[in-house]
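In: sequence and predicted model, in that order:
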Amino acid sequence: MITTMNKEIMPDKWYNVVPDLPEPLAPPRDSKNDISSINLLNKILPKEVLKQEFTFRRYEKIPDEVMDQYEQIGRPTPLVRARNLEKKLNYSGKIYYKYEGATATGSHKINTAIPQAYYAMKEGVKGVTTETGAGQWGSATALAASLYGLPAQIFMVKISFEQKPLRKTVMNLYNGNVVASPSNLTAYGRKMLKEHPDTPGTLGIGISEAVEYALDNDYRYMVASVMNVALTHQSVIGQEAKKQLELIGEHADVLIGCVGGGSNFGGFTFPFIPDGDDTEIIATTANEVPKFSKGNYKYDLMDSAGILPEVRMYSLGADFVPPTIYAGGLRYHGASPSLSLLINKGRIKSDEVSEEQVKDALKIFANTQGIIAAPESGHAIASMISYVKAHRNEKKTIVVNVSGHGYLDLSIFGEKK
Amino acid sequence: MRNLIPYFTLGYPDNETLTHFLDIMPVDKINYIEFGFPSNDPRYDGPVIRKTHNVGNSNFSDEVYSKYFEYFHKKHIKMYSLSYYSDIRNRFDSFIDYLQKRNFSGIIIPDLIIDYFSEGKKIINKLTEKGFEYIPFFSPATPDSIIKDIASITNSWIYYGLQPSTGIDIPYELDYTTERINELLPGREITYGFGIKTDEDIKNLMKNGGSGVAIGTYLVKMIDANDEKGFVDYINKMRGVLDE
Ligand SMILES: Cc1ncc(COP(=O)(O)O)c(C=O)c1O
């Protein structure tokens, strides 16, 4: 049962942007000629998750069991006016941040991990599996699975596995099994290890391994991002933020978030889309992964092995191996189809920031607000700071989504990169 | 009479077999028929129908099929073409002229408002001017505003695909699906397609106000098995279920 205090802010439905898009979303397409990779999803995802992936329902009721767990892991998350930062930047407008780092696992990822694990458990499958970059998604998956008594097999991108041993400890504490990807657990992993023994790994390879593992072991695959269903679950962020703003009589002029696959960004901003065009929305990526400026808007694979269907999105190519940047969660080659469409139509703008800007932003945010944000979230903060500088006299109300905390990513401040 | 619309890709599996199935089809049980003009890139079809396009492409012959177009026309069966815009874009006018000459009533273009959205309305208006029906094709992913908008500039029946592509099986809520489309387009004739197999599906769709169904993938399977009796029985049975 949700306590009265939280009930006012927490939505009891998820919001799905698809019926409100300005143009039809191109359907997913089979990536192979002879079999249907779309049909194969029936064996990869829990039925209810699959249904929600293809639904056009604007609102989907959040099951009571999921609502309860949302509250247990710290929802609603705070919306804070960053007065110290405003002062530091000498800004005459207002800056708010929504803080997803306040959840139990330290990021927004738990918002979709809980319902996906819940539906998997209800279906009676043997376990769940997924990939993870920086480790935030793997941690969320491990905890959610553990809450519902399911084993979790996690494929962690090799470079992160090596650079972030503490993440592995966290996942183990949540009862997750973690291997470095590419791994020996799957045929695709073994092939990669043979062909590219020195590969740092990519999210695309990790996804391929997890999907193969799910198919071979009667597990279900947990979708971190990109697919619509993950963005729908994440809509709790934006709906809460809207309600919190409403309660204090504020209206958001600008929304800023970072984009890996688009889940925290879509979850944060899409609930504002039906309200009209007067809120400016900015999606920030890393300079090193310039999907919106240098990528193509086309059908492309979500995973490198091509087991999952192709979707139309901004993509740098499924075999794109991004530099091993400090923000593992932003290394993905593409971005969610609904977000890609809204960018393509100009409803959402994009921005790119450099590592230098991100580190500065993280430092400023830490010593003004006390929050050590995740490097991924640092992109949104950096983008917000440059927005403030460019619009100094406009007195806007800016809301930025801080998707996670960065306590396990502190090494970026010690190394040269 | 509710719409029973069998779908065939022209030229599949070969001209002889297909024309034989057209010969034995109980024509009095159908009122519309949909012919797929083989596409080079049938990207919004599932594997079964995709294969028919690839094969059909090398077999299609106007000489063979014009007689059949004539035959169905005489039997008062309305013919619709299923064509991908990507294939006909460069010869759009001549292709429509051809269809009109062959007495087709209209066209279904699955990729038009997805891949060529900005050209969509112009093309639809052009078809209307030519007195040719544009059959709006919608799916679960079509936004509400687009469904209303496109439907409002056409008068024909609507083709609603229940699945993201043909012949696949993603779980969906039938009642909610029909409720949504009825609410968006009150009073409009809605024919459902994609992934319809059982009597139960059809009964429920009709109970919820559907005006007909299109059957494709399932027929291909019977053609593949050369199951003449199964094919004829199936058409007869579906008519029975529709009119219950
Ligand atoms: C804290 C944090 N923010 C953002 C992202 C990027 O993913 P998405 O774009 O799906 O929100 C990640 C992914 O790992 C993350 O851990």
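Out: The structure has been received and is ready for your questions. Numbers count the residues shown, from 1 in each chain, chains lettered A, B, ... in the order given.
In: let's verify A:Gln153: helix, strand, or coil?
Out: What DSSP: H, G, I helix; E, B strand; the rest coil gives for A:Gln153 is strand.
In: hey, what's it bridged with?
Out: Beta-bridge partners for A:Gln153, by DSSP bridges, are A:Thr129, A:Asn177.
In: so it makes contact with A:Ser183?
Out: No. Contact between A:Gln153 and A:Ser183 fails when scored by C-beta atoms under 8 Å: they sit 9.8 Å apart. Yep, even glycine has a C-beta here, placed from its N, CA and C like the rest.
In: give me phi/psi at the residue of chain B found nearest the ligand?
Out: Per C-beta to the nearest ligand atom, B:Ala141 is where chain B lies closest to the ligand, at 20.5 Å. Backbone torsions of B:Ala141, given as degrees, to the nearest 10, read phi -90, psi 0.
In: excluding its backbone neighbours, what's nearest it?
Out: For B:Ala141, ignoring the flanking residues on the chain, the nearest one in space by C-beta to C-beta, 6 or more residues apart in numbering or on different chains is A:Leu25 at 4.6 Å.
In: do A:Pro200 as well
Out: A:Ile159 (3.8 Å).
In: so how far is the ligand from that neighbour?
Out: As judged by C-beta to the nearest ligand atom, to the nearest Å, A:Ile159 and the ligand stand 14 Å apart.
In: so that residue makes contact with A:Gly201?
Out: Yes. Using C-beta under 8 Å, A:Ile159 is in contact with A:Gly201, at 5.9 Å.
In: test my guess that the residue of chain B closest to the ligand contacts B:Ser165.
Out: No. The pair B:Ala141 and B:Ser165 does not pass the contact test of C-beta under 8 Å, sitting 10.8 Å apart.
In: out of those two, which sits in the more crowded spot?
Out: B:Ser165 (27 against 23; other C-beta atoms under 10 Å in any protein chain shown).
In: residues contacting that one?
Out: B:Ser165 makes contact with A:Pro27, A:Arg29, A:Asp30, A:Ser36, A:Ile38, B:Tyr44, B:Asp45, B:Gly46, B:Phe194 under the criterion C-beta atoms under 8 Å, 6 or more residues apart in numbering or on different chains.
In: from the residues you listed, which land in helices?
Out: Among those, DSSP state H puts A:Ile38 in helices.
In: ok, the contacts of B:Ser165 vs A:Lys98, which is closest?
Out: Comparing the contacts of B:Ser165 against A:Lys98 with C-beta to C-beta places A:Pro27 closest, at 31.8 Å.
In: returning to what we had before: of all the contacts of B:Ser165, which comes closest to A:Thr77?
Out: A:Pro27 (33.5 Å).
In: what's around the closest one, how many residues?
Out: Neighbours of A:Pro27 (other C-beta under 10 Å): 23.
In: isn't it right next to B:Ala141, touching?
Out: Yes. Look at A:Pro27 against B:Ala141 with C-beta under 8 Å: they come within range, at 5.8 Å.
In: any idea how far A:Val88 is from A:Tyr97?
Out: That one is not Val; residue A:88 is Lys. Taking C-beta to C-beta, to the nearest Å as the measure, A:Lys88 falls 14 Å from A:Tyr97.
In: go on, B:Ser94?
Out: Note on B:Ser94: its distance to A:Tyr97, by C-beta to C-beta, is 59 Å.
In: neighbour count winner among the two?
Out: Neighbours were counted for B:Ser94 and for A:Tyr97 using other C-beta under 10 Å; A:Tyr97 has more, 27 against 10.
In: find the residue ranges of the chain scoring beneath the pLDDT cut-off.
Out: Here I'm looking at chain A. Residue ranges of chain A with pLDDT under 70: A:325, A:415-417.
In: not what I meant, chain B
Out: Along chain B, no part satisfies pLDDT under 70.
In: got the contacts of B:Ser165 as CSV, with distance to A:Val259 columns?
Out: Below are those laid out as CSV (distance: C-beta to C-beta, whole Å):
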residue, distance to A:Val259
A:Pro27, 22
A:Arg29, 22
A:Asp30, 26
A:Ser36, 29
A:Ile38, 25
B:Tyr44, 27
B:Asp45, 32
B:Gly46, 31
B:Phe194, 32
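In: from the contacts of B:Ser165, which are also near the ligand?
Out: By C-beta under 6 Å from any ligand atom, no member of the contacts of B:Ser165 lies near the ligand.
In: kindly write the PyMOL command that selects the buried subset of the contacts of B:Ser165.
Out: Buried residues among those (16 or more other C-beta atoms under 10 Å in any protein chain shown), as a PyMOL selection:
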select buried, (chain A and resi 27+29+30+36+38) or (chain B and resi 44+45+46+194)
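In: just give me the closest of the contacts of B:Ser165 to B:Ser66.
Out: Among the contacts of B:Ser165, B:Asp45 lies closest to B:Ser66 (C-beta to C-beta), at 24.8 Å.
In: so that closest one sits against B:Gly167, correct?
Out: Yes. Using C-beta under 8 Å, B:Asp45 is in contact with B:Gly167, at 7.5 Å.
In: could you pull out the buried residues of stretch A:145-162?
Out: Those would be A:145-148, A:150-161, for stretch A:145-162 by 16+ other C-beta under 10 Å.
In: stretch B:54-65 too?
Out: Buried residues in stretch B:54-65, defined by neighbour count with 16+ other C-beta under 10 Å: B:Val55, B:Gly56, B:Asn57, B:Asn59, B:Phe60, B:Tyr65.
In: now swap in stretch B:233-244 and tell me
Out: Using 16+ other C-beta under 10 Å as the test for burial, stretch B:233-244 gives B:Tyr234, B:Ile235, B:Met238, B:Arg239, B:Val241, B:Leu242.
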